[in-house]
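# Sequence and predicted structure are below.
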Amino acid sequence: MSDVSTEAAVAAIVARAADRFQQSRQELFASQDRLMSFLMVGQWIFSMALAVFVSPWAWAGKTQTLHPHVWAAVGLGAVLSSMPIALAWLRPGWVVTRHVIAGAQMLWSALLIHLSGGRIETHFHVFGSLGILAAYRDWPVLVTATLVVALEHFIRGLVWPESVYGIANPEWWRFLEHAFWVVFAVAFLGLLSKRGKEEMLTLAERGAELEALAEGEWRKASVVTRAAS
């Protein structure tokens, strides 16, 4: 085989690998978008249960009463879920879709923290959400999530600290502590996302090579068959 033929064959395999890789990524993005849409619905239902059974006690001491801000928070949950769900089904795999979902998911963490009265246990929802978003294998999504949760904690910590930390007068730098642990988690999740992307590319290259080899064997067999007939 000549050098020109070899280069053409290599270029064809590279192009085919790139196509397979992009197709696999788009399928992953679309599948994850739809999975996140179901999570949005589940979180909205859970938030209503939290508002009815937990928030009255968290915000009213020993008297179980429903406050207007609780129902407002439940309504906000519907708003938070509507846009990500619409994009997940109308534009699955679109880059804007997954970034909107990442931002909404972090705001969901904020809403659930608020409904629980700033309980420390609910803050773990942030880290669970980051782990779920890492399944996109797209590290910019994690950056979006980090910026949203850090900004949200900072602003709400100034305006209404009790809904974030469960106390009325926390230290002003408390949000930095939370942001540090988020960045710590995201640093490793980002590396895992990058490694997952590289593994997808490797699989795409191997698949393209196998396809090219199979086609080459088929062509040889066809030539032999025609020569013998």
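Great, that's in hand. Bear in mind that the values here come from a model prediction, so they are computed numbers and not experimental data.
# need the helices for the chain, in chain order.
For the chain, the helices defined by DSSP state H occupy 3-53, 55-60, 68-90, 95-115, 124-133, 139-159, 162-165, 174-228.
# Lowest mean pLDDT across those helices, which one is that?
Here the helices of the chain differ in mean pLDDT, and the lowest is helix 55-60 at a mean of 55.
# What count of nearby residues applies to the residue lying closest to Ala104 once chain neighbours are set aside?
Counting by C-beta to C-beta, 6 or more residues apart in numbering, Ala104 lies nearest to Pro84, which is 4.6 Å off, once chain neighbours are set aside. To be clear about C-beta, it is placed using only N, CA and C from the backbone, and glycine gets the same treatment. Neighbour count for Pro84, taken as other C-beta atoms under 10 Å: 23.
# Keeping just the C-alphas, turn stretch 119-136 into PDB.
Provided in PDB are the C-alpha atoms of stretch 119-136 (Å, rounded to 0.1, in the frame of the first residue of the first chain):
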ATOM      1  CA  ARG A 119     -30.300  21.900  58.600                       C
ATOM      2  CA  ILE A 120     -26.700  20.800  58.000                       C
ATOM      3  CA  GLU A 121     -27.900  17.400  56.700                       C
ATOM      4  CA  THR A 122     -29.600  19.000  53.800                       C
ATOM      5  CA  HIS A 123     -26.400  20.600  52.600                       C
ATOM      6  CA  PHE A 124     -25.300  17.200  51.500                       C
ATOM      7  CA  HIS A 125     -27.800  17.600  48.700                       C
ATOM      8  CA  VAL A 126     -25.300  20.000  47.100                       C
ATOM      9  CA  PHE A 127     -22.600  17.300  46.900                       C
ATOM     10  CA  GLY A 128     -25.000  14.600  45.800                       C
ATOM     11  CA  SER A 129     -26.100  16.900  43.000                       C
ATOM     12  CA  LEU A 130     -22.500  17.600  41.900                       C
ATOM     13  CA  GLY A 131     -21.900  13.800  41.700                       C
ATOM     14  CA  ILE A 132     -25.000  13.400  39.500                       C
ATOM     15  CA  LEU A 133     -23.900  16.300  37.200                       C
ATOM     16  CA  ALA A 134     -20.500  14.700  36.900                       C
ATOM     17  CA  ALA A 135     -22.200  11.900  34.900                       C
ATOM     18  CA  TYR A 136     -22.300  14.400  32.000                       C
END
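# Quick check, central residue of this structure?
The chain has Leu133 as the residue nearest its centroid, 2.4 Å off, counting by C-alpha atoms, centre = their mean.
# I'd say that one and Ala145 touch.
Yes: if you go by C-beta atoms under 8 Å, Leu133 and Ala145 touch, sitting 5.6 Å apart.
# what do these two both touch?
102, 105 (C-beta atoms under 8 Å, 6 or more residues apart in numbering).
# So Gly190 versus Thr144, what's the distance?
12 Å (C-beta to C-beta, to the nearest Å).
# distance of the residue nearest to Ala104 from Arg195?
For Pro84, the distance to Arg195 - C-beta to C-beta - is 26 Å.
# same check, this time on Gln43
Applying C-beta to C-beta to Gln43 and Arg195 gives a distance of 29 Å.
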